[in-house]
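Q: structure here, sequence nowhere to be found:
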């Protein structure tokens, strides 16, 4: 097919038009954003202290960056700007997160307003030890946006006064928030937190929101929150594989179904991950003690077992014990406990044989053998009826048979709750011992230990019928040799993990 000159010229015009549209998109991406309802609601709020609480991947970082850029540039889609040029901080949890957020800001900022000579790369962001970008304000002067991480213990705060700060995800602790707040107050500036409340102690933040100190905006994970303002249909997104899909009710239902049930309230709906205010550990337990994987440590392993025959009552936990580096105050270091795995008969159908298989499978998942355990503590005999009898001795025999072990099983399952002082007072003593570990941030739980995490949020000490009591009992039994110090371990090997 041969084109005549007029057709060729027409195609050139189309090409130039597309290039022009692409350039305009790059230049004014911030002005082209179709804000979602919860984003627009936040942008309309002129409060000094604001919080947007949502699940993951619903645009909270985008609107936070947008608010920083609107303040830096001197114009706003919903409010009359009240600030001249100034300095703004975006505070992130880690350097890798900071680089990702720098990339999101770079995709939104109008290029013509960026100070000439600014360099950006996907790998290193704006680079340097103090990454920042200067953008031209409407008043003719440059505003500066700096990126900070909470890994910097003092956040380089000396003599710093700023006009606004964005926390993307929860602050590491209240002290970091307060330090930044002082710098903002000096200029009568603002603070914005956009977050899914997980990975840090957020109880104090919830209290501030409940008291109205912070203007809180919250949206659950529903299809309606993905319909841009002024439109009637949800967003349509093209996947990396080229598939176009709409964020409608069907898509939301699919995402919910594929998300573990115990994580939906927080990771999808942005629910507060805080303990029951009446629970024993409510003021020390928080999600920053939940680990995705074990750190690089030299550990010994122990197991705790609580017997029962009703659903969820038979429970075992696999524990790693390590020590911190020695100091002048603690030459031998401090004990660190990590709950690494769990076994539970959630249907209440397991006999001693199935319990033995479940406990051994728990060890195999973690690459350990029974003979390598340093200590195993178990409940006293459970005999509600002959058909439901469970005891440490029966469990030992079942485990030894599965292992084809000659003679007595080693280490033995040590029966707890015996002798003077091993009654209800010992329960309180053990729970307080675990409490002190948490308070010193020496206690952690792997995320896969779903029932242990739920128990620590909700366990109430004085309720003997508390549904979470059996899990805390197993934890205490597994640590009994450390809590009371009366029994030495079996001399299990010290192994490096992580």
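A: Looks like it came in fine. All of these numbers come straight from a predicted model, not from anything done at the bench.
Q: where does the stretch 51-200 of the chain have low pLDDT?
A: Residue ranges of the stretch 51-200 of the chain with pLDDT under 70: 151-159, 199.
Q: which residues of it fall in strands?
A: Per DSSP state E, counting those that start in this stretch, the stretch 51-200 of the chain carries strands over the ranges 87-92, 132-136, 142-149, 164-168, 190-195.
Q: and the angle for the second one with strand 142-149?
A: This means strand 132-136. Computed by axes from the mean of the first three to the mean of the last three CA atoms, to 10 degrees, the angle separating strand 132-136 from strand 142-149 equals 160 degrees.
Q: contact partners of strand 132-136?
A: Residues outside strand 132-136 that contact it (CB atoms under 8 Å, 6 or more residues apart in numbering) are 69, 72-73, 102, 105-106, 109-110, 113-115, 118, 120, 126, 142-147. Quick note: C-beta positions are derived from backbone N, CA and C, even for glycine.
Q: one more time with 6 Å
A: Residues from elsewhere that reach strand 132-136, judged by CB atoms under 6 Å, 6 or more residues apart in numbering: 72-73, 113-115, 118, 126, 142-146.
Q: quick revisit: mind putting the strands of the stretch 51-200 of the chain into TSV with mean neighbour count and distance to residue 209?
A: Supplementary listing: the strands of the stretch 51-200 of the chain in TSV, determined by neighbours: other CB atoms under 10 Å; distance: least, CB to CB, whole Å:
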stretch	mean neighbour count	distance to residue 209
strand 87-92	24	18
strand 132-136	21	30
strand 142-149	20	23
strand 164-168	24	14
strand 190-195	23	10
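Q: mind putting the ones you listed into JSON lines with distance to residue 399?
A: Formatted as JSON lines, the strands of the stretch 51-200 of the chain follow (distance: least, CB to CB, whole Å):
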{"stretch": "strand 87-92", "distance to residue 399": "48"}
{"stretch": "strand 132-136", "distance to residue 399": "60"}
{"stretch": "strand 142-149", "distance to residue 399": "47"}
{"stretch": "strand 164-168", "distance to residue 399": "48"}
{"stretch": "strand 190-195", "distance to residue 399": "45"}
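Q: minimum distance to residue 461: which of the ones you listed has it?
A: Minimum separation from residue 461 across the strands of the stretch 51-200 of the chain (CB to CB) falls at strand 190-195, 31.0 Å.
Q: outside of the closest one itself, list whatever touches it.
A: Under the contact criterion CB under 6 Å, 6+ apart, strand 190-195 has outside partners 48-52, 60, 64, 67, 164-170, 184.
Q: and this structure, what are its domains?
A: Domain assignment of the chain by automatic domain parsing yields the ranges 28-257, 287-497.
Q: reformat those domains as JSON lines; add distance to residue 269.
A: Shown next, in JSON lines, are the domains of the chain (distance: least, CB to CB, whole Å):
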{"stretch": "domain 28-257", "distance to residue 269": "4"}
{"stretch": "domain 287-497", "distance to residue 269": "15"}
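Q: returning to that earlier point: make a markdown table out of the contacts of strand 132-136 and add distance to residue 371.
A: As requested, those are exported to a markdown table (distance: CB to CB, whole Å):
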| residue | distance to residue 371 |
| --- | --- |
| 72 | 63 |
| 73 | 66 |
| 113 | 67 |
| 114 | 64 |
| 115 | 65 |
| 118 | 61 |
| 126 | 54 |
| 142 | 67 |
| 143 | 64 |
| 144 | 61 |
| 145 | 58 |
| 146 | 55 |
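Q: coming back round to it: among the strands of the stretch 51-200 of the chain, which is nearest residue 368?
A: In terms of CB to CB, the element of the strands of the stretch 51-200 of the chain nearest to residue 368 is strand 142-149, at 35.8 Å.
Q: low-confidence ranges in the stretch 351-498 of the chain?
A: Checking the stretch 351-498 of the chain against pLDDT under 70 turns up 382-388, 417-425, 462-465, 486-498.
Q: mind redoing it with 80?
A: For the stretch 351-498 of the chain, the stretches with pLDDT under 80 are 380-389, 406-407, 417-426, 461-467, 485-498.
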